[in-house]
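Visitor: Could you work out the structure for the sequence below:
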Amino acid sequence: MGHNHDHGHDHTHGANKKALMISFIITTVYMIVEAVGGFITNSLALLSDAGHMLSDSVSLGVGLLAFIVGEKAANYSKTYGYKRFEILAALFNGVTLVLIAFYIFYEAYKRFVNPPEVASTGMLIIAILGMIMNIVVAWILLRGDTEENLNLRAAFLHVLGDLLGSVGAVVAALLIMFLGWGWADPLASVIVAFLIMISGGRVVRESIHVLMEGTPKNIDVDEVIDTIQNIPEIKSIHDLHIWCITSGKNALSCHAVVQNGLSFNESQNLLRTIEHDLQHKDIGHVTVQLENEDHPHDGSITCKHIDENPQDHEHDH
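Guide: Residues are numbered from 1 along each chain as shown. Presented below is the predicted three-dimensional model:
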C-alpha cells in the first residue's frame, strides 16, 4: 500500500545525500584555499569567511552523517530507527548559525574601531572564486529537496549565508581598492551576520517543533479530521495525534468509533480506505484503533465539544 510513497522518499533521500556529499567536498576544499589566501593577503575578511566556511563544512558533514545514521535499520531499542538524528543535526546546525552570527558581530565591532590593512587585490580574487564556488554548491543543494527536508535546508541556508558573505567581500574589496573605505569590510560582515541569524533562528524553531511532536506544518488538522469522519462507517474519532518522525515522514494515530456490527472484512476495508485517503494528505504512517460505541474514552482534542455537554455524552453511551 505505502510502497510507491516510500520508494519516492528513498529516491529523494538518495539524491539529497549525494547533493550533501558533493557540497561537503567542494566546501571543505575551498575553505582550505580561503584560509591560506587569508593568511597570504593578511585579510581578516577572508579569514573570517574561511571560519564561516568551516562552520559550513562541519554542518554539511553533520548533515551527511545524519543521512547515513538515519539509514540504520530500526531495532528494539529504537523502534523508529535513527530517522530523528536528522532533526537533531538540523537543530545543531541552527544553533551553530546563531553563534557564528554573534561572533561576526563581535569581530566587526573591533574592525569598525580599528580597520586593519588589507591586500585588497588578493582579497578580491579569492572572494570572487568563493562567490562562484558558493553559487555552484547552492545550485547543487537546491536540486535536492530543500522544501521538505529540514537538514538539507539548514545546509542550503549556511551556503546562502556564505554566498552573501562572498558578495560582501567582493564589494568591500572593490571599495577598499578604489575608495580606501576600510570600514566597508566590517559593514559587509554585519549584514551577512543578520541574515545568518534570522535563518539560523528559523531552523532552530522548526527543529524544536518536530522534536516536541508538533503537528507538521503542511498538515491541516481539521481537513484530516473531516477526511476520516466523512467515511460513512465512522461515527467519530478521538485521541488523534499527528506528528513528524523526520522530514517528509508524517505519522498519525487515532481511535475511530464505528457503527456496531462491522464484520472483520468490513473493518479491514475501512482501514484500507482510511490509509488511502490519508496518503493523499501526505500522511504515510497510519495507526487507527477501531472501537464500537460502548468503548469508554477520556477527553481529547476531538471530543472537547462533547465534554462541554456531559448530558449528551451520557446520552451517547
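
Visitor: Can you show me the CA trace of stretch 251-268 as PDB?
Guide: Below are the C-alpha coordinates for stretch 251-268, written out as PDB (Å, rounded to 0.1, in the frame of the first residue of the first chain):
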ATOM      1  CA  ALA A 251       2.500   9.800  11.100                       C
ATOM      2  CA  LEU A 252      -1.000   9.700  12.600                       C
ATOM      3  CA  SER A 253      -2.700   7.600  15.300                       C
ATOM      4  CA  CYS A 254      -6.300   7.900  16.500                       C
ATOM      5  CA  HIS A 255      -9.200   5.900  17.800                       C
ATOM      6  CA  ALA A 256     -12.200   5.700  15.500                       C
ATOM      7  CA  VAL A 257     -15.700   4.900  16.800                       C
ATOM      8  CA  VAL A 258     -17.500   2.800  14.200                       C
ATOM      9  CA  GLN A 259     -21.100   1.600  14.000                       C
ATOM     10  CA  ASN A 260     -21.700  -1.700  15.900                       C
ATOM     11  CA  GLY A 261     -21.700  -5.000  14.000                       C
ATOM     12  CA  LEU A 262     -19.000  -4.400  11.400                       C
ATOM     13  CA  SER A 263     -17.600  -7.700  10.100                       C
ATOM     14  CA  PHE A 264     -13.800  -8.400  10.100                       C
ATOM     15  CA  ASN A 265     -13.600  -7.900   6.300                       C
ATOM     16  CA  GLU A 266     -15.500  -4.600   6.500                       C
ATOM     17  CA  SER A 267     -13.100  -3.400   9.200                       C
ATOM     18  CA  GLN A 268     -10.100  -4.300   7.000                       C
END
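
Visitor: which parts of that stretch are buried?
Guide: For stretch 251-268, the neighbour count (16 or more other CB atoms under 10 Å) marks 251-252, 254-258 as buried. In this view, the C-beta of every residue, glycine as well, is placed from N, C-alpha and C.

Visitor: Could you pull up the residues touching I219?
Guide: Counting by CB atoms under 8 Å, 6 or more residues apart in numbering, I219 touches 242, 250, 281-283.

Visitor: Could you tell me which of these count as buried?
Guide: Neighbour counting by 16+ other CB under 10 Å classes 242, 250, 281, 283 among those as buried.

Visitor: coming back round to it: which ones among the contacts of I219 are found in strands?
Guide: Those of those mapping onto strands are 242, 250, per DSSP state E.

Visitor: and of the contacts of I219, the nearest to L271?
Guide: I283 (13.8 Å; CB to CB).

Visitor: Run through the residues that contact the closest one.
Guide: Contacts for I283 (CB under 8 Å, 6+ apart) come out as 219, 224, 242, 250-252.

Visitor: got CSV for the buried residues of stretch 251-268, with secondary structure, distance to L97 and pLDDT too?
Guide: As requested, the buried residues of stretch 251-268 are arranged in CSV below (DSSP: H, G, I helix; E, B strand; the rest coil; distance: CB to CB, whole Å; pLDDT from 0 to 100):
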residue, secondary structure, distance to L97, pLDDT
A251, strand, 28, 89
L252, strand, 32, 90
C254, strand, 37, 90
H255, strand, 41, 89
A256, strand, 43, 88
V257, strand, 47, 87
V258, strand, 49, 86
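
Visitor: Identify the farthest-apart pair in the contacts of I283.
Guide: Longest span within the contacts of I283, CB to CB: V224 and A251, 11.9 Å.

Visitor: Would you mind listing the residues touching both of those two?
Guide: Common contact partners of V224 and A251 (CB under 8 Å, 6+ apart): 242, 283.

Visitor: how about the strands of the stretch 201-317 of the chain, start to end?
Guide: Along the stretch 201-317 of the chain, counting by DSSP state E, counting those that start in this stretch, strands occupy 234-246, 249-258, 285-291.

Visitor: For the ones you listed, could you give me TSV that also reports distance to K17?
Guide: Conversion of the strands of the stretch 201-317 of the chain to TSV gives the following (distance: least, CB to CB, whole Å):
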stretch	distance to K17
strand 234-246	14
strand 249-258	15
strand 285-291	21
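
Visitor: For A50, find the nearest of those strands.
Guide: Once those are compared by CB to CB, strand 234-246 is nearest, at 31.9 Å.

Visitor: buried ones in that closest one?
Guide: Under the neighbour-count criterion of 16+ other CB under 10 Å, strand 234-246 has 234, 236-240, 242-246 buried.

Visitor: can you check stretch 124-137 too?
Guide: The neighbour-count check on stretch 124-137 (16+ other CB under 10 Å) flags 124, 126-127, 130-131, 133-134, 137 as buried.
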